[in-house]
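Q: here is the input, now give the coordinates:
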Amino acid sequence: MHDTALSKLKDIMPDSVIHTGLLLPVIVLLLLLVLSVALCLYRRNQNKPQPTPQAVALQHLQALDWHGKIDREQLYLFTLHTRTYLDGREDPAFENIQQSLQPYKYHPDAPLADKTVIETIARYIRGLS
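A: Reported below is the predicted structural model:
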């Protein structure tokens, strides 16, 4: 055998062994744990009762503020949320309110809505259930 410097180094430092026997099972177990937690969270959120669009529209209607200055945007939101709440049903009181709102909508320089119209809208919203 040749006695070289390289062979002497190999004798001094033994070959290092990297153990990978446990690495793969640990990764698989961690992935299974993460997947099971995600599945549990998904099922828990899925089992919660979701509010209907009509219930959400009613909450938005009740949250509208009818004190102070009433602009076209608020009248538009009233119309939009009420139509969602009614879901295609006929309501003569709502149609009467819509007729009384015609002069205040769709005009760039429309006057502010009358107090009587605003009070009618507020009473109508309080009557919804």
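Q: any low-confidence regions in the protein?
A: 1-15, 18-20, 106, 129 (pLDDT under 70).
Q: rerun that using 80 as the cut-off
A: 1-21, 46-48, 66, 68-71, 103-114, 129 (pLDDT under 80).
Q: buried residues, the biggest helix by length in the chain. List them.
A: Ranked by number of residues, the top helix in the chain under DSSP state H is helix 23-47. By neighbour count on 16 or more other C-beta atoms under 10 Å, the buried set for helix 23-47 is empty. Yep, even glycine has a C-beta here, placed from its N, CA and C like the rest.
Q: do the same with stretch 66-80
A: By neighbour count on 16+ other C-beta under 10 Å, the buried set for stretch 66-80 is 70, 72, 74, 75, 78.
Q: among these, which lie within helices?
A: Per DSSP H, these map to helices at 72, 74, 75, 78.
Q: Throw the residues you listed into CSV and include distance to residue 46, thanks.
A: Output for those, formatted as CSV (distance: C-beta to C-beta, whole Å):
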residue, distance to residue 46
72, 40
74, 36
75, 38
78, 33
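Q: ok, the residues you listed vs residue 52, which is closest?
A: For those, the residue nearest residue 52 by C-beta to C-beta is residue 78; the value is 19.3 Å.
Q: surely the closest one and residue 62 touch.
A: No - counting by C-beta atoms under 8 Å, residue 62 is not a contact partner of residue 78; they are 11.3 Å apart.
Q: identify the contacts common to these two.
A: Among the neighbours of residue 78, those also in contact with residue 62 (C-beta atoms under 8 Å, 6 or more residues apart in numbering) are residue 125.
Q: related to what we said a few turns ago, the longest helix of the chain: what's the following helix or strand?
A: helix 53-63 (DSSP states H and E).
Q: looking at the ones in helices among the buried residues of stretch 66-80, spot the one nearest residue 128.
A: Nearest to residue 128 out of those is residue 78 (C-beta to C-beta; 11.5 Å).
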